[in-house]
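Engineer: One predicted model, sequence on top.
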Amino acid sequence: MSKATLLEQHHIIGGGIAGLATAVYLIRDAGVGGKNIPIYEQLGIAGGSLDGSGDAETGYMIRGGRMFEEHFACTFELLDTLPSPKDSYLSVTEDIKAFNRMVPGSSNCRLVRDGRPAEDRYDLTLGAQDIVDIYRLILRTERSLAGRSIEEWFEPSFFESNFWLMWSTMFSFQPWHALTEMRRYLRRFIHLFPGFTRVAGILRTRFNQYDSLIVPIVTWLRDREVRIDTGRQVTDVMIEGTRRDRRVTALTLGDGRRVKVSDDDRAYLTLGSMTDASAEGTNDRAPDIADQEGGAWALWRKLAATHEGFGRPDAFCGDTSKTAWHSFTVTMDRPDFFGFMEDFTNNRTGTGGLITFADSGWTLSVVLFHQPHFRGQEHGTYTFWGYGLRGDRLGDFVSKPMWEATGNEIISELCGHLKLDAAQATWFDDARVLPCRMPYITSQFMPHKPGDRPDIRPIGARNFAVIGQFCEQPRDCVFTVEYSIRSARTAAAALTGRVDPPPPVARTDLNPMVLIRAARVLMRM
């Protein structure tokens, strides 16, 4: 081991999946000692947007979950290093694959209309012009689409199709989001088209993503003496030098303390956060809508205002009315609702995926997890999750926007769409319903132009890199765990020279058979 490896400090700002993955790469591949890796996390717990908390008494909570699929090369390679907390003889990757073999997902009820599974749920209801526009988008160059929105490209009828309803709720797209991101998703996931209406090909973790992913990573890092400083916010990063040759010299912490960064040290900066400023509600109280920016956005704004090459955060976080939605997690002590939903959907609990109510003003969707969904979840306790993509609009049974609704009111809206009678509605009498507002949850999808997202290694960056959801990575898709882990591997490779760069993004859109199968799906008009 070299002298530099023994002495150099690797400062990681942000304890989300990108920061944690960076630490794994530094130890596993670059030979850095765990004691030389401090991670600064502003929240009281590591994991960032991959969360899972609570208990049976007060209610379990997850803000959301990121999708997985088989071509997430960086993710599965990293997780193959780590032992599964369920069975140490298996890696986390092996456990995910084993779970999906045991509980294969395929939805028999993706859409609901008028209180019943939609009869046209396997029909994309696309018109001829819609199909032409999809292929035109796939074939256009990304640069030619910069700054444009999805609604600028497609005809109004496209947004009435089943394809858009399922696409938008599955990936959380809005008509005003970036056309370039829509194009990336179409190319990246075109191989999933044959199973699109059944949510087939999407992989799930055994438990929530905090228990399944974050816990084994944090355990592995702490066993190697990595310092994960939770409740420690970095408020400023001192950068000295010229645009062509500059380096981080110090970090300023929230308590005013300054941490020196030497010439041999490295700094990995997580900028922005899609779950920053999240606010929770209760059965009787809606989440606060103050939408005050947290430290992740404040740091990015400060760096972008002071140093060239750090992008333009306002392109992403400037309008929370276009980037927010509300999710909710329900904890119940009786199985009645789960039994009803199994009969209603013809899916065993945990196998069906997202169910969207097509008539819903809120664009309400729910998913029933395989139980238990939380490690240590009490026997006889059941949890499910849902969200409203259009929480700004009035409900159909609750005459207010979802953004103003309490947990109990959200359940009333759900009961209305399922046409549950008064007796069935009592299933929720003792349920703990925890709504959560996330003002920046789709901020990474906002229309943007080249330069709005910084490069992982900005020009002239001698000892620092940018990681997470708001750095630029050609071809890959934001709002995925893969995007964050790929950025971590790229940054560690660039700054150490001792980590292999990530493999290229899978290009299934270049496979003729994939294109033929996708065309067959789209042409079912």
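Structural biologist: Thanks, I have the structure now.
Engineer: can you pull the pLDDT of Lys342?
Structural biologist: Not quite, residue 342 is Glu, not Lys. With respect to pLDDT, Glu342 scores 97.
Engineer: What strand or helix carries it?
Structural biologist: Element membership of Glu342, judged by DSSP states H and E, is helix 336-345.
Engineer: quick one: buried residues of that helix?
Structural biologist: Phe337, Phe338, Met341, Glu342, Phe344, Thr345 (16 or more other Cβ atoms under 10 Å). The way it works is simple: take the backbone N, C-alpha and C, and place the C-beta from them, glycine included.
Engineer: Please export the C-alpha coordinates of that helix as PDB.
Structural biologist: Extracted in PDB, the C-alpha atoms of helix 336-345 (Å, rounded to 0.1, in the frame of the first residue of the first chain):
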ATOM      1  CA  ASP A 336     -59.000  -7.600   5.600                       C
ATOM      2  CA  PHE A 337     -57.900  -5.000   3.100                       C
ATOM      3  CA  PHE A 338     -55.000  -7.100   1.800                       C
ATOM      4  CA  GLY A 339     -57.400 -10.000   1.300                       C
ATOM      5  CA  PHE A 340     -59.800  -7.800  -0.500                       C
ATOM      6  CA  MET A 341     -57.100  -6.500  -2.800                       C
ATOM      7  CA  GLU A 342     -55.800  -9.900  -3.600                       C
ATOM      8  CA  ASP A 343     -59.300 -10.900  -4.900                       C
ATOM      9  CA  PHE A 344     -59.800  -7.500  -6.600                       C
ATOM     10  CA  THR A 345     -56.500  -7.600  -8.500                       C
END
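Engineer: about what we covered before: quick one: the buried residues of helix 336-345 as JSON lines, columns for distance to Arg498 too.
Structural biologist: Listed next are those as JSON lines, based on distance: Cβ to Cβ, whole Å:
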{"residue": "Phe337", "distance to Arg498": "52"}
{"residue": "Phe338", "distance to Arg498": "49"}
{"residue": "Met341", "distance to Arg498": "50"}
{"residue": "Glu342", "distance to Arg498": "51"}
{"residue": "Phe344", "distance to Arg498": "54"}
{"residue": "Thr345", "distance to Arg498": "50"}
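Engineer: picking up where we left off before, now for the helix holding Glu342, which elements pack on it?
Structural biologist: Helix 336-345 sits against strand 382-388, with contacts defined as 3 or more Cβ pairs under 8 Å, 6 or more residues apart in numbering; DSSP states H and E.
Engineer: quick check: angle from the strand it packs on to helix 336-345?
Structural biologist: Strand 382-388 runs at 60 degrees relative to helix 336-345, counting by axes from the mean of the first three to the mean of the last three Cα atoms, to 10 degrees.
Engineer: Now do the helices in the stretch 151-300 of the chain.
Structural biologist: Using DSSP state H, counting those that start in this stretch, the helices of the stretch 151-300 of the chain run over 162-171, 179-188, 209, 215-223, 295-306.
Engineer: Any chance of these in a markdown table with mean neighbour count and distance to Asp359 as columns?
Structural biologist: Shown next, in a markdown table, are the helices of the stretch 151-300 of the chain (neighbours: other Cβ atoms under 10 Å; distance: least, Cβ to Cβ, whole Å):
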| stretch | mean neighbour count | distance to Asp359 |
| --- | --- | --- |
| helix 162-171 | 20 | 11 |
| helix 179-188 | 21 | 25 |
| helix 209 | 22 | 30 |
| helix 215-223 | 18 | 39 |
| helix 295-306 | 19 | 36 |
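Engineer: which stretch among those comes nearest Asp421?
Structural biologist: When these are compared by Cβ to Cβ, helix 162-171 sits nearest Asp421, at 26.8 Å.
Engineer: tell me which strands and helices that closest one is in contact with?
Structural biologist: Packed against helix 162-171, as judged by 3+ Cβ pairs under 8 Å, 6+ apart, are the following elements: strand 111-113, strand 355-357.
Engineer: and the ones you listed, which is most packed in?
Structural biologist: Ranked by mean neighbour count, the helices and strands packed on helix 162-171 are led by strand 355-357 with a mean of 26 (mean count of other Cβ atoms under 10 Å).
Engineer: Which elements pack onto that one?
Structural biologist: strand 111-113, helix 162-171, strand 364-368.
Engineer: what's the spacing between the residue nearest to Tyr89 when sequence neighbours are not counted and Asn100?
Structural biologist: Nearest residue to Tyr89, sequence neighbours excluded (Cβ to Cβ, 6 or more residues apart in numbering): Pro83, at 7.9 Å. Relative to Asn100, Pro83 is positioned 19 Å away (Cβ to Cβ, to the nearest Å).
Engineer: Likewise for Val261?
Structural biologist: 42 Å.
Engineer: Which one of these two is surrounded by more residues?
Structural biologist: Using other Cβ atoms under 10 Å as the criterion, Val261 and Asn100 rank with Val261 on top: 21 against 17.
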